[in-house]
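Enquirer: coords please:
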Amino acid sequence: MIAEERMDYAVSLEEHMLKRGYSHKTFLSYLYCLKRLIKFTGKDPYDMTYDDVHNFQVNYKKNFNDAYATYRLTCCGIRFFFQNVLIRDWIVECVPYPKTQKKNPVILSRCELILLIKYAPSDKIRLFMLIAYSTGMRMMEIRHLRVNNIDSKRGCFSINHTKGKKGREIKLDKYLLIELRKYYRKHKLSATSLLIWGKDKSTPMDDSRIQRLVKKAGQDAGINKKVSPHCLRHSFATHFLEYGNTIKKLQHALGHKHISTTFTYIHYAEEHFSEYRSPLSELVAFAYSEASK
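Expert: As a prediction, the model looks like this:
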């Protein structure tokens, strides 16, 4: 294949990802990974060998202090491109998925949550925090919420822009509904307006901006934890279980495909420890009761 006949890799990558239902954001991430590989090797992807990709990975791990998630995304992007666009079977062996790295989620106490909301830099970020903590929605889901996603009569949010593209309904807290009505009137929203908008009421606020503002609120509030939008979801899940709700209800609220993912939060709920009954303690109590007869 001569250079003039070679495919437009960006277009071809986008087409393959579109067929498989990947988001445009993921496409841009994978394209960035591919460009990084091309820059390192100085070769057209069609001419790259096993050793080229291997050397890129080794160099990447040695010289870049990126987070685990960034490195894993790079591996996924390269694997997807060579497997689906260029059909290179050796890529599976060459780019194994990194070992899963599990970190304890950041969970805010109730006092910390009150402070965080108090120090929200704007009405939009305050509402974002209230929605995130009261529903456990992902940042992506909240960014695309519109006024017409609110069903006040049935008391729920109806969301469609979800991970895995599976819509669901989420319980709407009564206090949050009051806040939403105030917000609606103050900002003169229409039925199709986004709740957390960016440049205009039809454009979602950038996720990087939301992350930055939530982090700033945490710093201003003096919270000595790594505060992020996602920690509000973790806090919701943990407190949801502590208040006596079932794991099945939590799975639905969080939109988890597998309940095993949801079970993680049981380990962080105080209820898990406060209601733990030791067999030895029960045995001692039984012995004392028997002795007193």
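Enquirer: determine the longest helix present in the chain.
Expert: The single longest helix within the chain, with elements called by DSSP state H, is helix 24-41.
Enquirer: next, the buried residues of it.
Expert: Phe27, Ser29, Tyr30, Leu31, Cys33, Leu34, Arg36, Leu37, Thr41 (16 or more other Cβ atoms under 10 Å). Where you see a C-beta, it was placed from the backbone N, CA and C, and this is true even at glycine.
Enquirer: element containing Thr192, please.
Expert: Here Thr192 sits in a region with no helix or strand, counting by DSSP states H and E.
Enquirer: my read: it touches Val147, true?
Expert: Yes: using Cβ atoms under 8 Å, Thr192 is in contact with Val147, at 7.0 Å.
Enquirer: more crowded one of those two?
Expert: Using other Cβ atoms under 10 Å as the criterion, Thr192 and Val147 rank with Val147 on top: 16 against 10.
Enquirer: what's the distance between the more buried one and Arg154?
Expert: Using Cβ to Cβ, to the nearest Å, Val147 is found at 15 Å from Arg154.
Enquirer: repeat that for Leu145.
Expert: Distance from Leu145 to Arg154, by Cβ to Cβ: 16 Å.
Enquirer: quick one: which of these two has more around it?
Expert: Between Leu145 and Arg154, Leu145 has the larger neighbour count (other Cβ under 10 Å), namely 25 against 11.
Enquirer: do I have it right that the more buried one meets Ile159?
Expert: Yes: between Leu145 and Ile159 a contact is recorded at 6.8 Å, counting by Cβ under 8 Å.
Enquirer: hey, what's in contact with both of those two?
Expert: Listed as contacting both Leu145 and Ile159 by Cβ atoms under 8 Å, 6 or more residues apart in numbering are Met137.
Enquirer: wait, Tyr183 sits on Ile125?
Expert: No: with contact defined as Cβ under 8 Å, Tyr183 does not count as touching Ile125 (12.0 Å).
Enquirer: those two: which is more packed in?
Expert: Each of Tyr183 and Ile125 has its neighbours counted (other Cβ under 10 Å); Ile125 has more, 23 against 18.
Enquirer: tell me the secondary structure at that one.
Expert: Using DSSP: H, G, I helix; E, B strand; the rest coil, the structure places Ile125 in helix.
Enquirer: is it true that it touches Ala217?
Expert: Yes: here Ile125 reaches Ala217: they are 6.8 Å apart, a contact under Cβ under 8 Å.
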